[in-house]
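Asks: Task: produce atomic coordinates for the following.
(2 chains)
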Amino acid sequence: MSDEKKLCLSGKGVTKVFGVGRRKTVAVDHVDFNFYEGEIISIVGESGSGKTTLAKMLLGLINETEGDIYFQGEKRDIGSHRKKKKYWKSIQAIFQDPFSAYNTFNKIDTVLLDCIRMRGGGRLPHEQKVAMMTEACSFVNLKFAELTNKYPFELSGGQQQRLMIARIFLLKPKILLADEPTSMIDACSRATILDMLMQLRDEIGMTPIFITHDIGLAYYVSDSVYIMEHGRFVESGSADEVILRPKEPYTKRLLNDVPKIYEEWDLSTV
Amino acid sequence: MSNAILEVRELTTKYITRFREDIYAVDHVSLRVEEGKSLGIAGESGCGKSTLALSLMGYYFPPLYYTSGEIIIDGRNISGMNSDDVRKSILGNEIAYIPQAAMNALNPTQKVIRFIEDVIEAHDPSVTKKEVYNLAKGFFEAVGLPADVLQKYPVELSGGMKQRTVIAISVILSPQILIADEPSSALDVTSQKMVIKMLRNLMDKGYIKAMIFITHELPLLYNVTDDIMVMYAGQIVEKASAREAVFDPLHPYSKGLMGSIIVPEEGLRDVKLTAIPGVPPNLKKPPSGCRFAERCKYVRPECKGTSVPLRDVGNGRAYRCIIPETELREMYAREARKNV
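Replies: Got it, this is the predicted structure:
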């Protein structure tokens, strides 16, 4: 393998089954994937397609029923809490709902200090910590001086989502899983958030994985796109290939259902 | 000029907070919707879109209060009416309103048909249940919903189905105008398309005569409505036809909004999305001049100070900026050349 394309996360036959017997639901059904370093990946699917379940497995929040996940070419081992913690230093997430992502009792300072401690900076002098936090906040256009001693719920949704990105800036993970990062905020702030994520990717060289139902967003940001239906990847490839020249009927339908501005939106097909 | 279904002149409504502060969320808004037309309202969160929708119904409840202006629906001025009269004779009969989470309006312990009985009985107590059922059945079939939905409980329906059911119920009394406030935002793309198809259907078959559609998703607005109004900080900043608003916006704010459109079409990857920096002003103390001046790229010293009137440029187009049309176009063209 060329050193340009280093494998960062891959899976073979990854499966998740909820329930047993007659009440069995196969949420993720034997999916294979290869995510390369530095590449921007999108997983697109409708509600109920299993994309969030897959994200949780990638994060190690739930165990896979079958199949293996490989991290940087080696089989991922998160058997113990210590190993899990180590794994989470290299993979982090941003979720859809910023309002429920924070612990209400913790101040913003605590949120950011936790990130510094996780990177092993717990013993740094206080001034240096403040400098790091200020840098992270200014990266996402927030002012640390205004945020200190405040609680996350005092911020607006867009600000909270930006604070999330400030956390990622401090943590500098190798992989960032963004699960519907912009679906709760309006179109205007969406551009800002995406911009910041892209900047962050260039700055700290992480691999972002977007999980979204918005096929337009997937097309705009990503290098490769995976289309998910009923727990399976039905189509994958480069963004241009999948979105502009879709082969699978499901992808075509998904594209057809999105309102567009240059093409006629065909309402007769539903 | 055809018949105006809804005409609003200089409507102003305010919120009064716990601390007795006035917040003018709808500030001198004038609009006109003609028969067979649909009007779209766009803007970021917190710009007053939803408050405008509530205000248009003429039905106010604290903390929202009516201040001034006129609402004329089908030749009848409802702005001075008291809330009870409005509820009895206007809501449902003349104006129907669908909020974003309309599907949560269904009572989970009752069948859908019971809800319809309630609605119809409230307006005409003499109808029998049998009549209601027949009416509802005929209506549901006409708008493309299976009639067996009537005998189901809300939990048995999917989100999109529930939303369509509520929309159908809201227009069952054939109102003049339907106000839809983000009716499809909580749905996935396929259900969204079904909702839109149904709304179109309602218009085409004459169940409603006009529609106001509110959303922040511009591609959707472009496909659904004839005209688009862009709102910013409680004011209208631009009025134009849907095509003009998307492809040839005049106000710098609309320009910024259109720059943030994401659609899965060829060429999207080559353009860089433009984000508008900053946040909308606090409406407790709105800036005295142009409300967008703080965030505007083309800001000039004379923007701040005196308020900017809505400038009419003919053909139903208007925008709220001190810079003349030709000059704005030149600046946008220069900007576009720079980005290539």
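
Asks: Identify the residues contacting stretch A:12-31?
Replies: A:11, A:32-33, A:50, A:53-54, A:57, A:62, A:64-70, A:228, A:230-233 (C-beta atoms under 8 Å, 6 or more residues apart in numbering or on different chains). Bear in mind the C-beta positions are built from the backbone N, C-alpha and C, glycine included.

Asks: Select from those residues every entry located in strands.
Replies: Mapping the contacts of stretch A:12-31 onto strands (DSSP state E) picks out A:11, A:32-33, A:66-70, A:228, A:232-233.

Asks: Please identify which of these is nearest to chain B.
Replies: Set against chain B, the nearest of those by C-beta to the nearest C-beta is A:M228 (13.0 Å).

Asks: Can you give me the pLDDT of the closest residue to the closest one other than its chain neighbours?
Replies: Distances taken as C-beta to C-beta, 6 or more residues apart in numbering or on different chains place A:G45 nearest to A:M228, at 3.5 Å, with adjacent residues excluded. Looking at A:G45, its pLDDT is 87.

Asks: Also B:T12?
Replies: For B:T12, pLDDT reads 93.

Asks: Surely A:I185 and A:Q160 touch.
Replies: No. Using C-beta atoms under 8 Å, A:I185 is not in contact with A:Q160; the gap is 9.5 Å.

Asks: Now do the SS call for A:E135.
Replies: helix (DSSP: H, G, I helix; E, B strand; the rest coil).

Asks: distance of it from A:F144?
Replies: 9 Å (C-beta to C-beta, to the nearest Å).

Asks: Could you confirm B:E327 falls within a helix?
Replies: Yes. The assignment for B:E327 is a helix, going by three-state DSSP.

Asks: what's the neighbour count on it?
Replies: Counted with other C-beta atoms under 10 Å in any protein chain shown, the neighbours of B:E327 add up to 11.

Asks: Show the residue spans covered by the strands in the stretch 201-340 of chain B.
Replies: Residue ranges of the strands in the stretch 201-340 of chain B, as given by DSSP state E, counting those that start in this stretch, are B:210-214, B:227-232, B:235-241, B:311-314, B:317-319.

Asks: Pick out the shakiest of those, pLDDT-wise.
Replies: Among the strands of the stretch 201-340 of chain B, strand B:311-314 scores lowest, with a mean of 88.

Asks: B:I116 is in contact with B:V132, isn't it?
Replies: Yes. With contact defined as C-beta under 8 Å, B:I116 reaches B:V132; the gap is 6.2 Å.

Asks: Close to chain A: what parts of the stretch 151-300 of chain B are there?
Replies: B:188-190, B:192-194, B:196-197, B:200, B:216-220, B:222-224, B:246, B:256-257, B:259-269, B:273-277, B:279 (C-beta under 8 Å from any C-beta of the partner chain).

Asks: just to revisit the earlier point, ok, so what distance separates the residue nearest to A:M228 from A:S90?
Replies: In terms of C-beta to C-beta, A:G45 sits 25 Å off from A:S90.

Asks: These two: which has the busier surroundings?
Replies: A:G45 (26 against 17).

Asks: Relative to A:T53, how far out is that one?
Replies: If you go by C-beta to C-beta, the gap between A:G45 and A:T53 works out to 11 Å.

Asks: Give me the neighbour count for A:L9.
Replies: Count around A:L9 with other C-beta under 10 Å applied: 24.

Asks: Identify the residues contacting it.
Replies: A:L9 makes contacts with A:33, A:35, A:58, A:69-72, A:91, A:175, A:207, A:209, as judged by C-beta under 8 Å, 6+ apart.

Asks: Give me the buried entries from those residues.
Replies: Among the contacts of A:L9, those that count as buried by neighbour count (16 or more other C-beta atoms under 10 Å in any protein chain shown) are A:33, A:35, A:58, A:69, A:71, A:91, A:175, A:207, A:209.

Asks: The second one sits in which helix or strand?
Replies: Under the criterion DSSP states H and E, the helix or strand holding A:F35 is strand A:25-36.

Asks: Only C-alpha atoms, please: export that strand in CSV.
Replies: Output of strand A:25-36 as CSV, limited to C-alpha atoms (Å, rounded to 0.1, in the frame of the first residue of the first chain):
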residue,chain,number,x,y,z
THR,A,25,-33.9,-6.3,14.4
VAL,A,26,-30.8,-6.2,12.3
ALA,A,27,-29.7,-2.6,12.5
VAL,A,28,-26.4,-2.9,10.7
ASP,A,29,-26.0,-5.9,8.3
HIS,A,30,-22.6,-7.1,7.4
VAL,A,31,-21.0,-3.9,6.2
ASP,A,32,-17.5,-3.5,5.0
PHE,A,33,-15.7,-0.2,4.7
ASN,A,34,-12.3,1.3,4.4
PHE,A,35,-11.8,4.8,5.6
TYR,A,36,-8.4,6.3,4.6
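
Asks: Following the chain past that strand, name the next helix or strand.
Replies: Next element after strand A:25-36 (DSSP H and E): strand A:41-45.

Asks: Residue numbers of the stretch 151-270 of chain A in contact with chain B?
Replies: Residues of the stretch 151-270 of chain A lying near chain B (C-beta under 8 Å from any C-beta): A:156-158, A:185-192, A:194-195, A:213-220, A:239-240, A:243-244, A:253-255, A:257-263, A:265, A:267, A:270.

Asks: In helices, which of these appear?
Replies: Among those, the residues falling in helices (DSSP state H) are A:157-158, A:187-192, A:194-195, A:215-220, A:239, A:253-255, A:257.
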